[in-house]
Every structure is written in C-alpha cells, then in structure tokens.
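Q: pasting the sequence and the predicted coordinates here, then a few questions.
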Amino acid sequence: MNRFVVISGCSGGGKSTLLAEFGRRGHAVVEEPGRRIVKEELESGGRALPWVDGPAFARRAIAVALADRTVAECRPGWVFFDRSLVDAASALQHMTGEPALETLARPHPYHQRVFLAPPWPEIYGTDPERRHGLDAAITEYERLLQDYPVLGYEVVILPKVSVAERADFVLGTL
C-alpha cells in the first residue's frame, strides 16, 4: 500500500489549510509545487507562471513533484501531498495534448484513494500566487475529477466541514 496521499481538487477549496492540520498532527506534508514555483518565478522575474507560460509552468511543476516524491521516500508513515504529479501532468496534457498522464504520472503512483476538495465559493479567494477566478478553478477541478480515475485512482470528495473534521475524515477513510 502506498503511503503517499494526495489532497487535490479545486483551488481555494481548503487543501493547504487541511495540509497544515496534518502537519500540526505530526504527519509529513508536502506543499503544493505550484505555489512554490509561482513565488520563485515572481521573485526572480521568471516566466514559468500559469498566466504567462502555462506549459513551462506545468513542466516545472512536474519536475518539482518528482523531486518531492524522492524526498518523501525517507519520511515515515503517511505523507500528505498538496496536489501531485497527476495535477501537473493533467495540466500539461490539457494545454499541449502531450500524453503526460500515461508517460509521466502513471509510473509514479500515489495511494489508491485521492481526496478532492470540491468547489467552495464561500471560502474561495485570490492572492498573489492564485490569480485565476473561481470559474477557472472549477474547470480545473472537473478535469481532475475525470483524470484521476483514468489512472485507476478512487476519488473521495472531501466534505465541507471544519478543518479538524476534514482531517478526521481523511484519516478514517485511509
């Protein structure tokens, strides 16, 4: 059984907050590649930003996700990932038509159950790293809802409950 658990889904759906709760509870967590990349690119004046060069951003997210998996190998117990290689491969495939899900994501599996945060308009917000609107976030969510099962994952939708209740739900489901 794979101990790498993906928390993915709609932007602004509470994923990062949930990961922080897992960290508080002593579990290993891996921050979202996209946010780290955006911060670095903004600081360095780079162009691998989703709103400037989407394919370059997705390729960079793939590289970061692969590196994150390597680092996570040495962590004991459950390791919770804020998004995954599948998210980045899905984005690249959507933008370019490259078969990234099969060639890049399938050979690097995560736990069979993937938890998706559904759209949650009441908590959605933008910030310097998340500039897209809720409509774009919902479109991405719907794409991931289709792409994860294509790779054989069981999608579990996170309930819209408190952070502690969400964490309990995930741990109970695992």
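A: Yep, that arrived.
Q: from here on, just use CA atoms for contacts and neighbour counts.
A: OK.
Q: all strands of the protein, in order?
A: Ranges of strands in the chain, per DSSP state E, are 4-9, 28-30, 79-82, 113-117, 154-157.
Q: where do the helices sit along this protein?
A: 15-24, 33-44, 54-72, 85-96, 100, 134-150, 163-173 (DSSP state H).
Q: residues making contact with the shortest one?
A: Yep, that's helix 100 we're talking about. Outside helix 100, the residues that touch it by CA atoms under 8 Å, 6 or more residues apart in numbering are 89-90, 92-93.
Q: how about the residue minimising distance to the centre of the chain, phi and psi?
A: Against the mean C-alpha coordinate of the chain, by CA atoms, centre = their mean, the closest residue is Arg83 at 1.2 Å. Phi and psi for Arg83, reported as degrees, to the nearest 10, are phi 70, psi 180.
Q: residue contacts, it?
A: For Arg83, the contact set (CA under 8 Å, 6+ apart) comprises 6-9, 32-33.
Q: over to Leu104?
A: 85, 89.
Q: try it again with 7 Å
A: Counting by CA atoms under 7 Å, 6 or more residues apart in numbering, Leu104 touches Ala89.
Q: again with Leu158
A: Contacts of Leu158 (CA under 7 Å, 6+ apart): 115-118, 166.
Q: JSON lines for those, including pLDDT, distance to Thr103 and neighbour count?
A: Converted to JSON lines, the contacts of Leu158 look like this (pLDDT from 0 to 100; distance: CA to CA, whole Å; neighbours: other CA atoms under 10 Å):
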{"residue": "Phe115", "pLDDT": "98", "distance to Thr103": "23", "neighbour count": "22"}
{"residue": "Leu116", "pLDDT": "97", "distance to Thr103": "23", "neighbour count": "23"}
{"residue": "Ala117", "pLDDT": "92", "distance to Thr103": "26", "neighbour count": "23"}
{"residue": "Pro118", "pLDDT": "91", "distance to Thr103": "27", "neighbour count": "23"}
{"residue": "Arg166", "pLDDT": "96", "distance to Thr103": "32", "neighbour count": "18"}
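Q: so which of those comes closest to Arg24?
A: Arg166 (13.7 Å; CA to CA).
Q: which of the contacts of helix 100 sits closest to His27?
A: The nearest member of those to His27, counting by CA to CA, is Ala89 at 25.8 Å.
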